[in-house]
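*Asks:* fold the following, please.
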Amino acid sequence: MLALYSLLFYLLTPYIILRLLWRSIKAPAYRQRWNERFGFYRGSYPQDVIWFHAVSVGEAEALFPLLRLLLSRHPCASLLITTTTPTGSARVQATFGDQVAHVYLPYDLPCVIRRFLKCFKPRLAVIMETEIWPNLYVACGKQNMPLLLINARLSEKSARGYRKIPSLIRASLAKVSLIAAQTRDDAERFVNIGARADAVEVLGNMKFDIQIAEETIDEGRRLKSSVFGDRFVWIIASTHKDEEAVFLDSYPELKAKIPELLLVIVPRHPQRFLEVKKLCEDRQLNVVMRTSGDPGAATTDVYIADTMGELKMLYAAADIAFIGGSMVPVGGHNLLEAAAVGTPVMFGPYMVNFKEIAEGVLARNAALQCRTQQDIVSTVRSLYADPERRAELARRARAFLQENRGAIAAIAAHIEAAMPKA
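*Replies:* Model prediction:
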(Lines give C-alpha, C1' and ligand atoms only; values in the text may rest on other atoms or scores of the structure.)
Protein backbone atom coordinates (compact mmCIF):
# COMPACT_ATOMS: atom_id res chain seq x y z
CA MET A 1 0.00 0.00 0.00
CA LEU A 2 2.86 2.40 0.81
CA ALA A 3 4.40 1.75 -2.62
CA LEU A 4 1.10 2.57 -4.33
CA TYR A 5 0.72 5.73 -2.26
CA SER A 6 4.26 6.82 -3.24
CA LEU A 7 3.64 6.08 -6.92
CA LEU A 8 0.46 8.17 -6.89
CA PHE A 9 2.32 11.01 -5.14
CA TYR A 10 5.06 10.94 -7.81
CA LEU A 11 2.44 11.00 -10.57
CA LEU A 12 0.71 13.97 -8.94
CA THR A 13 3.92 15.99 -8.57
CA PRO A 14 3.38 18.00 -11.81
CA TYR A 15 -0.06 19.01 -10.54
CA ILE A 16 1.45 19.99 -7.19
CA ILE A 17 3.88 22.26 -9.02
CA LEU A 18 1.05 23.77 -11.05
CA ARG A 19 -0.87 24.39 -7.83
CA LEU A 20 2.12 26.23 -6.35
CA LEU A 21 2.27 28.38 -9.48
CA TRP A 22 -1.45 29.05 -9.30
CA ARG A 23 -1.26 30.08 -5.64
CA SER A 24 1.77 32.25 -6.38
CA ILE A 25 -0.36 34.49 -8.64
CA LYS A 26 -1.88 36.05 -5.53
CA ALA A 27 0.85 35.07 -3.05
CA PRO A 28 4.27 35.36 -4.75
CA ALA A 29 5.99 33.66 -1.80
CA TYR A 30 4.65 30.33 -3.10
CA ARG A 31 7.03 30.75 -6.04
CA GLN A 32 10.04 30.82 -3.74
CA ARG A 33 12.15 28.20 -1.94
CA TRP A 34 10.92 25.24 -3.98
CA ASN A 35 14.24 23.56 -3.31
CA GLU A 36 13.22 23.09 0.32
CA ARG A 37 9.90 21.48 -0.64
CA PHE A 38 11.87 18.89 -2.62
CA GLY A 39 14.57 18.31 -0.02
CA PHE A 40 17.42 20.30 -1.58
CA TYR A 41 19.15 22.69 0.81
CA ARG A 42 21.58 25.49 0.10
CA GLY A 43 24.19 26.43 2.65
CA SER A 44 24.84 24.77 5.99
CA TYR A 45 22.21 23.65 8.47
CA PRO A 46 22.44 22.22 11.99
CA GLN A 47 22.28 18.48 12.49
CA ASP A 48 21.07 16.30 15.37
CA VAL A 49 18.15 18.68 15.73
CA ILE A 50 14.94 18.44 17.71
CA TRP A 51 12.43 18.92 14.92
CA PHE A 52 8.98 20.53 15.23
CA HIS A 53 6.41 20.88 12.46
CA ALA A 54 3.49 23.35 12.38
CA VAL A 55 1.49 23.70 9.16
CA SER A 56 0.64 27.40 9.20
CA VAL A 57 0.09 30.46 11.37
CA GLY A 58 -2.47 29.00 13.79
CA GLU A 59 -0.45 25.90 14.58
CA ALA A 60 2.77 27.92 14.79
CA GLU A 61 1.28 30.42 17.24
CA ALA A 62 0.08 27.55 19.45
CA LEU A 63 3.54 25.97 19.29
CA PHE A 64 5.51 29.10 20.22
CA PRO A 65 4.93 29.00 24.02
CA LEU A 66 6.12 25.39 24.08
CA LEU A 67 9.24 26.29 22.12
CA ARG A 68 10.00 29.18 24.45
CA LEU A 69 9.66 26.88 27.45
CA LEU A 70 11.97 24.26 25.95
CA LEU A 71 14.55 26.86 24.89
CA SER A 72 14.57 28.30 28.41
CA ARG A 73 15.18 24.85 29.89
CA HIS A 74 17.53 23.60 27.18
CA PRO A 75 19.35 26.66 25.80
CA CYS A 76 21.90 24.51 23.98
CA ALA A 77 19.30 22.44 22.14
CA SER A 78 19.31 22.81 18.36
CA LEU A 79 15.74 23.26 17.12
CA LEU A 80 14.39 22.95 13.59
CA ILE A 81 10.91 24.31 12.79
CA THR A 82 9.17 23.38 9.55
CA THR A 83 5.99 24.88 8.16
CA THR A 84 3.98 24.36 4.99
CA THR A 85 2.76 27.88 4.20
CA PRO A 86 4.64 31.14 3.60
CA THR A 87 2.57 32.88 6.29
CA GLY A 88 3.57 30.23 8.83
CA SER A 89 7.18 30.60 7.72
CA ALA A 90 7.05 34.36 8.15
CA ARG A 91 5.72 34.03 11.71
CA VAL A 92 8.46 31.57 12.70
CA GLN A 93 11.19 33.80 11.31
CA ALA A 94 9.71 36.97 12.82
CA THR A 95 9.30 35.36 16.25
CA PHE A 96 12.51 33.38 16.64
CA GLY A 97 14.96 34.71 14.05
CA ASP A 98 18.28 32.89 14.35
CA GLN A 99 17.29 31.07 17.55
CA VAL A 100 15.97 28.18 15.46
CA ALA A 101 16.56 26.71 12.01
CA HIS A 102 13.62 26.88 9.64
CA VAL A 103 12.69 25.35 6.27
CA TYR A 104 9.49 24.23 4.57
CA LEU A 105 8.32 20.69 5.24
CA PRO A 106 9.37 18.61 2.22
CA TYR A 107 6.86 16.67 0.17
CA ASP A 108 6.09 13.12 1.30
CA LEU A 109 8.12 11.37 -1.38
CA PRO A 110 10.68 8.71 -0.35
CA CYS A 111 13.69 10.32 -2.04
CA VAL A 112 12.71 13.78 -0.76
CA ILE A 113 12.24 12.56 2.81
CA ARG A 114 15.63 10.82 2.69
CA ARG A 115 17.34 14.07 1.69
CA PHE A 116 15.58 15.97 4.45
CA LEU A 117 16.53 13.46 7.14
CA LYS A 118 20.12 13.23 5.85
CA CYS A 119 20.53 17.01 5.97
CA PHE A 120 19.20 17.61 9.48
CA LYS A 121 19.58 14.20 11.13
CA PRO A 122 16.71 14.90 13.56
CA ARG A 123 16.86 12.98 16.81
CA LEU A 124 13.24 13.65 17.75
CA ALA A 125 10.21 14.62 15.63
CA VAL A 126 7.26 16.57 17.07
CA ILE A 127 4.28 17.14 14.76
CA MET A 128 1.46 19.56 15.57
CA GLU A 129 -2.22 18.56 15.33
CA THR A 130 -3.15 16.30 12.37
CA GLU A 131 -0.34 15.77 9.90
CA ILE A 132 -0.13 12.10 8.94
CA TRP A 133 2.45 11.60 6.18
CA PRO A 134 3.07 7.86 5.59
CA ASN A 135 6.54 8.01 4.01
CA LEU A 136 7.75 10.48 6.61
CA TYR A 137 6.40 8.43 9.52
CA VAL A 138 7.82 5.17 8.17
CA ALA A 139 11.23 6.80 7.58
CA CYS A 140 11.28 8.07 11.17
CA GLY A 141 10.42 4.56 12.33
CA LYS A 142 13.26 3.03 10.33
CA GLN A 143 15.68 5.39 12.08
CA ASN A 144 14.21 4.54 15.48
CA MET A 145 13.43 8.23 15.90
CA PRO A 146 10.84 9.10 18.57
CA LEU A 147 7.85 10.66 16.82
CA LEU A 148 5.26 12.61 18.82
CA LEU A 149 1.95 13.94 17.50
CA ILE A 150 0.99 16.76 19.86
CA ASN A 151 -2.11 18.90 20.33
CA ALA A 152 -3.63 16.20 18.16
CA ARG A 153 -7.14 16.62 16.87
CA LEU A 154 -9.13 14.54 14.43
CA SER A 155 -12.58 15.44 13.16
CA GLU A 156 -15.12 12.77 12.36
CA LYS A 157 -14.96 13.79 8.70
CA SER A 158 -11.18 13.30 8.60
CA ALA A 159 -11.49 10.02 10.49
CA ARG A 160 -13.93 8.73 7.86
CA GLY A 161 -11.41 9.55 5.15
CA TYR A 162 -8.55 7.79 6.95
CA ARG A 163 -10.71 4.71 7.55
CA LYS A 164 -10.88 4.20 3.76
CA ILE A 165 -7.12 3.42 3.72
CA PRO A 166 -6.76 1.44 6.98
CA SER A 167 -3.56 -0.48 6.26
CA LEU A 168 -1.65 2.65 5.20
CA ILE A 169 -2.79 4.71 8.20
CA ARG A 170 -2.32 1.89 10.71
CA ALA A 171 1.24 1.29 9.46
CA SER A 172 1.97 5.04 9.74
CA LEU A 173 0.53 5.47 13.23
CA ALA A 174 2.43 2.40 14.42
CA LYS A 175 5.59 4.55 14.21
CA VAL A 176 4.20 7.21 16.57
CA SER A 177 5.52 7.10 20.13
CA LEU A 178 2.84 9.39 21.56
CA ILE A 179 -0.40 10.96 20.34
CA ALA A 180 -1.21 13.79 22.77
CA ALA A 181 -4.89 14.29 21.96
CA GLN A 182 -6.79 17.48 22.72
CA THR A 183 -9.99 15.75 23.85
CA ARG A 184 -11.31 12.31 24.67
CA ASP A 185 -13.28 12.29 21.42
CA ASP A 186 -10.09 13.00 19.47
CA ALA A 187 -8.32 10.18 21.31
CA GLU A 188 -11.08 7.70 20.49
CA ARG A 189 -11.05 8.67 16.83
CA PHE A 190 -7.28 8.14 16.61
CA VAL A 191 -7.63 4.68 18.13
CA ASN A 192 -10.49 3.92 15.74
CA ILE A 193 -8.33 4.68 12.69
CA GLY A 194 -5.54 2.42 13.88
CA ALA A 195 -3.44 4.12 16.56
CA ARG A 196 -2.23 1.95 19.45
CA ALA A 197 -4.38 2.65 22.49
CA ASP A 198 -1.31 2.69 24.75
CA ALA A 199 0.25 5.45 22.62
CA VAL A 200 -2.71 7.84 22.98
CA GLU A 201 -3.17 10.23 25.91
CA VAL A 202 -5.56 13.12 26.44
CA LEU A 203 -3.35 16.07 27.44
CA GLY A 204 -5.58 19.01 26.50
CA ASN A 205 -5.35 21.85 24.01
CA MET A 206 -2.14 23.90 23.93
CA LYS A 207 -4.05 26.90 22.62
CA PHE A 208 -5.40 27.49 26.13
CA ASP A 209 -1.81 28.19 27.24
CA ILE A 210 -1.62 31.26 25.05
CA GLN A 211 0.76 33.94 26.31
CA ILE A 212 0.00 37.59 25.53
CA ALA A 213 2.80 39.97 26.47
CA GLU A 214 1.72 43.03 28.44
CA GLU A 215 3.51 45.25 25.91
CA THR A 216 1.26 43.79 23.19
CA ILE A 217 -1.84 44.72 25.15
CA ASP A 218 -0.40 48.15 25.92
CA GLU A 219 0.35 48.69 22.22
CA GLY A 220 -3.26 47.86 21.38
CA ARG A 221 -4.54 50.28 23.95
CA ARG A 222 -2.28 53.00 22.57
CA LEU A 223 -3.67 52.34 19.07
CA LYS A 224 -7.19 52.63 20.45
CA SER A 225 -6.37 55.89 22.20
CA SER A 226 -4.25 57.59 19.53
CA VAL A 227 -5.86 56.37 16.30
CA PHE A 228 -9.34 55.03 17.02
CA GLY A 229 -10.11 57.51 19.79
CA ASP A 230 -13.74 57.46 20.90
CA ARG A 231 -14.84 55.12 18.11
CA PHE A 232 -16.69 51.91 19.05
CA VAL A 233 -14.28 49.39 17.51
CA TRP A 234 -15.61 46.13 16.13
CA ILE A 235 -12.89 43.81 14.84
CA ILE A 236 -13.62 40.99 12.39
CA ALA A 237 -10.61 38.69 12.61
CA SER A 238 -9.24 36.17 10.10
CA THR A 239 -11.92 36.61 7.46
CA HIS A 240 -12.25 34.51 4.31
CA LYS A 241 -13.60 34.99 0.80
CA ASP A 242 -17.35 35.73 0.70
CA GLU A 243 -17.35 36.45 4.44
CA GLU A 244 -16.52 40.15 4.58
CA ALA A 245 -19.66 40.93 2.56
CA VAL A 246 -21.81 39.79 5.49
CA PHE A 247 -20.32 42.46 7.74
CA LEU A 248 -19.99 45.17 5.13
CA ASP A 249 -23.64 44.76 4.21
CA SER A 250 -24.58 45.02 7.90
CA TYR A 251 -22.48 48.12 8.46
CA PRO A 252 -24.90 50.82 7.19
CA GLU A 253 -27.74 49.55 9.39
CA LEU A 254 -25.46 49.44 12.42
CA LYS A 255 -23.87 52.79 11.65
CA ALA A 256 -27.30 54.42 11.71
CA LYS A 257 -27.72 53.32 15.34
CA ILE A 258 -24.05 53.54 16.37
CA PRO A 259 -22.60 56.69 14.75
CA GLU A 260 -19.14 56.16 16.24
CA LEU A 261 -18.85 52.58 14.90
CA LEU A 262 -15.53 51.62 13.25
CA LEU A 263 -15.16 48.29 11.50
CA VAL A 264 -11.67 46.74 11.65
CA ILE A 265 -11.18 43.85 9.21
CA VAL A 266 -8.23 41.45 9.38
CA PRO A 267 -8.23 39.18 6.29
CA ARG A 268 -6.82 35.73 6.97
CA HIS A 269 -4.63 35.68 3.85
CA PRO A 270 -2.37 38.56 2.73
CA GLN A 271 -3.19 38.06 -0.94
CA ARG A 272 -6.74 39.21 -0.20
CA PHE A 273 -5.91 42.59 1.35
CA LEU A 274 -6.57 44.58 -1.83
CA GLU A 275 -9.59 42.44 -2.69
CA VAL A 276 -11.19 43.36 0.64
CA LYS A 277 -10.35 47.02 0.10
CA LYS A 278 -12.20 46.92 -3.22
CA LEU A 279 -15.22 45.27 -1.56
CA CYS A 280 -15.40 48.25 0.76
CA GLU A 281 -14.97 50.82 -1.98
CA ASP A 282 -17.66 49.14 -4.09
CA ARG A 283 -20.04 49.92 -1.22
CA GLN A 284 -18.85 53.56 -1.07
CA LEU A 285 -17.31 53.01 2.36
CA ASN A 286 -14.33 55.09 3.47
CA VAL A 287 -11.36 52.77 3.89
CA VAL A 288 -7.94 53.12 5.53
CA MET A 289 -5.20 50.51 5.16
CA ARG A 290 -3.04 50.06 8.23
CA THR A 291 0.21 50.10 6.25
CA SER A 292 -0.69 53.46 4.67
CA GLY A 293 0.20 55.21 7.92
CA ASP A 294 -2.99 57.24 7.58
CA PRO A 295 -4.64 57.40 11.02
CA GLY A 296 -8.02 57.88 9.40
CA ALA A 297 -10.67 60.27 10.55
CA ALA A 298 -14.11 60.39 12.09
CA THR A 299 -15.50 59.61 8.65
CA THR A 300 -13.50 56.39 8.24
CA ASP A 301 -15.80 53.38 8.01
CA VAL A 302 -13.37 50.48 7.64
CA TYR A 303 -9.79 50.03 8.85
CA ILE A 304 -8.11 47.09 7.09
CA ALA A 305 -5.21 45.49 8.95
CA ASP A 306 -3.01 44.58 5.98
CA THR A 307 -0.21 43.30 8.21
CA MET A 308 0.83 39.96 9.70
CA GLY A 309 1.44 39.05 13.33
CA GLU A 310 -0.57 41.91 14.87
CA LEU A 311 -3.86 40.23 15.61
CA LYS A 312 -3.41 40.02 19.40
CA MET A 313 -2.54 43.71 19.52
CA LEU A 314 -5.55 44.58 17.37
CA TYR A 315 -7.84 42.58 19.66
CA ALA A 316 -6.60 44.74 22.53
CA ALA A 317 -7.60 47.84 20.55
CA ALA A 318 -11.17 46.63 20.00
CA ASP A 319 -14.37 46.85 22.01
CA ILE A 320 -15.85 43.64 20.58
CA ALA A 321 -14.54 40.88 18.29
CA PHE A 322 -16.06 38.55 15.73
CA ILE A 323 -14.09 35.41 14.84
CA GLY A 324 -13.82 34.92 11.09
CA GLY A 325 -14.05 31.70 9.15
CA SER A 326 -17.28 31.05 11.04
CA MET A 327 -19.86 32.79 8.82
CA VAL A 328 -18.74 30.69 5.85
CA PRO A 329 -18.13 26.92 6.04
CA VAL A 330 -14.41 27.16 6.78
CA GLY A 331 -14.67 25.85 10.33
CA GLY A 332 -13.78 28.92 12.37
CA HIS A 333 -10.58 30.13 13.99
CA ASN A 334 -9.14 30.38 17.47
CA LEU A 335 -11.22 32.64 19.72
CA LEU A 336 -8.89 32.29 22.71
CA GLU A 337 -6.57 35.13 21.66
CA ALA A 338 -9.43 37.61 21.90
CA ALA A 339 -10.49 36.10 25.22
CA ALA A 340 -6.95 36.37 26.57
CA VAL A 341 -6.80 40.13 26.01
CA GLY A 342 -10.26 40.65 27.49
CA THR A 343 -12.25 41.45 24.35
CA PRO A 344 -15.82 40.10 24.21
CA VAL A 345 -16.19 37.42 21.56
CA MET A 346 -18.80 36.67 18.90
CA PHE A 347 -18.68 33.95 16.25
CA GLY A 348 -20.85 32.37 13.57
CA PRO A 349 -22.40 28.93 13.05
CA TYR A 350 -19.36 27.23 11.44
CA MET A 351 -16.96 26.40 14.29
CA VAL A 352 -16.23 22.72 13.62
CA ASN A 353 -12.44 23.26 13.84
CA PHE A 354 -12.90 24.61 17.38
CA LYS A 355 -16.02 22.68 18.31
CA GLU A 356 -15.09 21.90 21.93
CA ILE A 357 -13.86 25.44 22.62
CA ALA A 358 -16.99 26.96 21.08
CA GLU A 359 -19.25 24.64 23.07
CA GLY A 360 -17.27 25.41 26.23
CA VAL A 361 -17.58 29.20 26.03
CA LEU A 362 -21.25 29.00 25.10
CA ALA A 363 -21.98 26.69 28.04
CA ARG A 364 -20.37 29.26 30.36
CA ASN A 365 -22.12 32.25 28.74
CA ALA A 366 -18.65 33.51 27.84
CA ALA A 367 -19.26 34.26 24.14
CA LEU A 368 -22.13 34.82 21.72
CA GLN A 369 -22.97 32.82 18.61
CA CYS A 370 -24.69 34.50 15.66
CA ARG A 371 -26.27 32.30 13.00
CA THR A 372 -27.59 34.95 10.61
CA GLN A 373 -26.76 38.45 9.46
CA GLN A 374 -29.66 39.82 11.47
CA ASP A 375 -28.33 38.02 14.55
CA ILE A 376 -25.07 39.89 14.06
CA VAL A 377 -26.81 43.25 13.82
CA SER A 378 -28.93 42.72 16.93
CA THR A 379 -25.99 41.33 18.94
CA VAL A 380 -23.68 44.22 18.11
CA ARG A 381 -26.40 46.73 19.02
CA SER A 382 -27.06 44.91 22.28
CA LEU A 383 -23.37 44.80 23.25
CA TYR A 384 -22.87 48.44 22.35
CA ALA A 385 -25.72 49.44 24.66
CA ASP A 386 -24.56 47.28 27.58
CA PRO A 387 -20.93 47.83 28.72
CA GLU A 388 -21.54 45.71 31.82
CA ARG A 389 -22.51 42.74 29.69
CA ARG A 390 -19.37 43.18 27.61
CA ALA A 391 -17.26 43.18 30.75
CA GLU A 392 -19.01 40.05 32.07
CA LEU A 393 -18.49 38.18 28.78
CA ALA A 394 -14.80 39.05 28.88
CA ARG A 395 -14.48 37.97 32.53
CA ARG A 396 -16.19 34.63 31.91
CA ALA A 397 -14.06 33.95 28.82
CA ARG A 398 -10.85 34.60 30.73
CA ALA A 399 -12.02 32.28 33.51
CA PHE A 400 -12.75 29.56 30.93
CA LEU A 401 -9.27 30.06 29.50
CA GLN A 402 -7.68 29.77 32.94
CA GLU A 403 -9.61 26.60 33.81
CA ASN A 404 -8.22 24.76 30.80
CA ARG A 405 -4.55 25.66 30.96
CA GLY A 406 -1.83 23.08 31.50
CA ALA A 407 -1.43 21.18 28.24
CA ILE A 408 1.95 22.71 27.44
CA ALA A 409 3.49 21.64 30.75
CA ALA A 410 2.23 18.08 30.28
CA ILE A 411 3.42 17.90 26.65
CA ALA A 412 6.80 19.44 27.52
CA ALA A 413 7.36 16.67 30.07
CA HIS A 414 6.78 14.02 27.39
CA ILE A 415 9.08 15.79 24.93
CA GLU A 416 11.85 16.11 27.51
CA ALA A 417 11.50 12.42 28.36
CA ALA A 418 11.92 11.58 24.67
CA MET A 419 14.81 14.01 24.02
CA PRO A 420 18.15 12.29 23.49
CA LYS A 421 20.46 12.55 26.45
CA ALA A 422 23.52 14.71 25.92
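*Asks:* please count neighbours and contacts with C-alpha atoms only from this point.
*Replies:* OK.
*Asks:* who's in contact with residue 309?
*Replies:* By CA atoms under 8 Å, 6 or more residues apart in numbering, the contact set of residue 309 is residue 91.
*Asks:* need the three-state assignment for it.
*Replies:* coil (DSSP: H, G, I helix; E, B strand; the rest coil).
*Asks:* neighbours of residue 101, how many?
*Replies:* 19 (other CA atoms under 10 Å).
*Asks:* meant to ask about residue 161
*Replies:* Residue 161 - counted by other CA under 10 Å - has 11 other residues nearby.
*Asks:* next one: the helix or strand where it lies to chain centre, how far?
*Replies:* For residue 161, the element it lies in under DSSP states H and E is helix 156-162. Mean-position distance between helix 156-162 and its chain equals 21 Å (CA atoms, centre = their mean, to the nearest Å).
*Asks:* buried stuff in the helix or strand just after it?
*Replies:* Downstream of helix 156-162, the next assigned helix or strand under DSSP H and E is helix 166-173. Of the residues in helix 166-173, 168-173 count as buried by neighbour count, 16 or more other CA atoms under 10 Å.
*Asks:* what does helix 166-173 rub up against?
*Replies:* By CA under 8 Å, 6+ apart, helix 166-173 touches 1-2, 132-135, 137-138, 162-163, 193-196.
*Asks:* what mean pLDDT does it get?
*Replies:* The pLDDT scores in helix 166-173 average 95.
*Asks:* show me what whichever helix or strand comes after that helix is packed against.
*Replies:* Once the chain leaves helix 166-173, the next helix or strand it forms, by DSSP H and E, is strand 178-181. Helices and strands touching strand 178-181, by 3 or more CA pairs under 8 Å, 6 or more residues apart in numbering; DSSP states H and E, are strand 147-152, strand 200-202.
*Asks:* could you tell me how far the next helix-or-strand element following strand 178-181 lies from the centre of the chain?
*Replies:* Next helix or strand after strand 178-181 toward the C-terminus (DSSP H and E): helix 184-192. Distance, stretch centre to chain centre, for helix 184-192: 22 Å (CA atoms, centre = their mean).
*Asks:* circling back to that earlier point, same list, the buried residues of helix 166-173, but as JSON lines with distance to residue 316 please.
*Replies:* As requested, these are exported to JSON lines (distance: CA to CA, whole Å):
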{"residue": "168", "distance to residue 316": "46"}
{"residue": "169", "distance to residue 316": "43"}
{"residue": "170", "distance to residue 316": "45"}
{"residue": "171", "distance to residue 316": "46"}
{"residue": "172", "distance to residue 316": "43"}
{"residue": "173", "distance to residue 316": "41"}
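*Asks:* from these, pick the one nearest residue 84.
*Replies:* residue 172 (20.0 Å; CA to CA).
*Asks:* picking that back up, same list, the helices and strands packed on strand 178-181, but as JSON lines with distance to residue 283 and mean pLDDT please.
*Replies:* As requested, the helices and strands packed on strand 178-181 are exported to JSON lines (distance: least, CA to CA, whole Å; pLDDT from 0 to 100):
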{"stretch": "strand 147-152", "distance to residue 283": "42", "mean pLDDT": "98"}
{"stretch": "strand 200-202", "distance to residue 283": "48", "mean pLDDT": "98"}
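*Asks:* between the contacts of helix 166-173, which is closest to residue 63?
*Replies:* Using CA to CA, residue 132 is the member of the contacts of helix 166-173 that sits closest to residue 63, with 17.7 Å.
*Asks:* not counting sequence-adjacent ones, nearest residue to that closest one?
*Replies:* Counting by CA to CA, 6 or more residues apart in numbering, the nearest residue to residue 132 once its immediate chain neighbours are dropped is residue 172, at 7.4 Å.
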